[in-house]
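Peer 1: okay, sequence plus prediction incoming.
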Amino acid sequence: MNLHPLGDRLIVEVLDEEELTVSGIVLPDTAREKPQRGRVLAVGPGGRDEDGKYIEMDVAVGDEIVFSKYGGTEIKLGIEDVLILRESDVLAKVVNTGGKRKRKLAGATA
């Protein structure tokens with residue numbers, strides 16, 4: 001089944017969270033948090049403005065994202081479970097900086 005999202009929606013492959021805690025305890029499925037990270041598989045054309053023109057999406061195919069915990073609709077696509085989200089449910093893009101240094105966010109105070 002091929003899916004092409006409409007409007008400001010995107011199709012996301014949910015990435016499983018780690019099954020081990022920092023101390024090495026294995027978490028069963030029932031004790032794990034609902035995943036909030038995923039990889040974008042498909043992107044719709046974007047929402048429309050008041051003149052009917054498309055508004056460009058901020059995410060692209062292949063981006064790794066963080067999304068709201070209970071956002072979207074889960075569907076089965078072949079043997080995989082995927083999530084259809086609105087762009088507004090995306091909280092952030094994961095950016096690999098290459099190093100392991102902690103960086104301050106612009107405008108954030110600690």
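Peer 2: It's in.
Peer 1: what's the worst-scoring helix or strand of the chain on mean pLDDT packed up against?
Peer 2: The weakest-scoring helix or strand in the chain, judged by mean pLDDT, DSSP states H and E, is strand 73-77 (a mean of 88). Packing partners of strand 73-77 (3 or more Cβ pairs under 8 Å, 6 or more residues apart in numbering; DSSP states H and E): strand 80-86. Backbone N, C-alpha and C define where each C-beta goes, glycine included.
Peer 1: could you identify the helix or strand that succeeds the strand it packs on?
Peer 2: Using DSSP states H and E, the next helix or strand after strand 80-86 towards the C-terminus is strand 90-93.
Peer 1: which residues in the protein form strands?
Peer 2: Residue ranges of the strands in the chain, as given by DSSP state E, are 9-14, 37-43, 64-67, 73-77, 80-86, 90-93.
Peer 1: mind saving the C-alpha coords of the least confident helix or strand of the chain as CSV?
Peer 2: Extracted C-alpha coordinates of strand 73-77, given in CSV (Å, rounded to 0.1, in the frame of the first residue of the first chain):
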residue,chain,number,x,y,z
THR,A,73,-3.0,8.3,14.2
GLU,A,74,-1.3,4.8,14.2
ILE,A,75,-1.9,2.6,11.2
LYS,A,76,-0.5,-0.7,9.9
LEU,A,77,1.4,-0.3,6.6
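Peer 1: please list the outside residues in contact with it.
Peer 2: Under the criterion Cβ atoms under 8 Å, 6 or more residues apart in numbering, residues Met1, Leu3, Ile11, Asp81, Val82, Leu83, Ile84 lie in contact with strand 73-77.
Peer 1: okay, now Val82: neighbour count?
Peer 2: 20 (other Cβ atoms under 10 Å).
Peer 1: got any ranges where the chain has weak pLDDT?
Peer 2: The model of the chain has pLDDT under 70 over residues 1, 17-35, 97-110.
Peer 1: apart from its chain neighbours, what residue comes closest to Leu10?
Peer 2: Of all residues not flanking Leu10 in the chain, Val43 sits nearest, at 4.9 Å (Cβ to Cβ, 6 or more residues apart in numbering).
Peer 1: can you count the residues close to the one you found?
Peer 2: Number of residues near Val43 (other Cβ under 10 Å) recorded here: 21.
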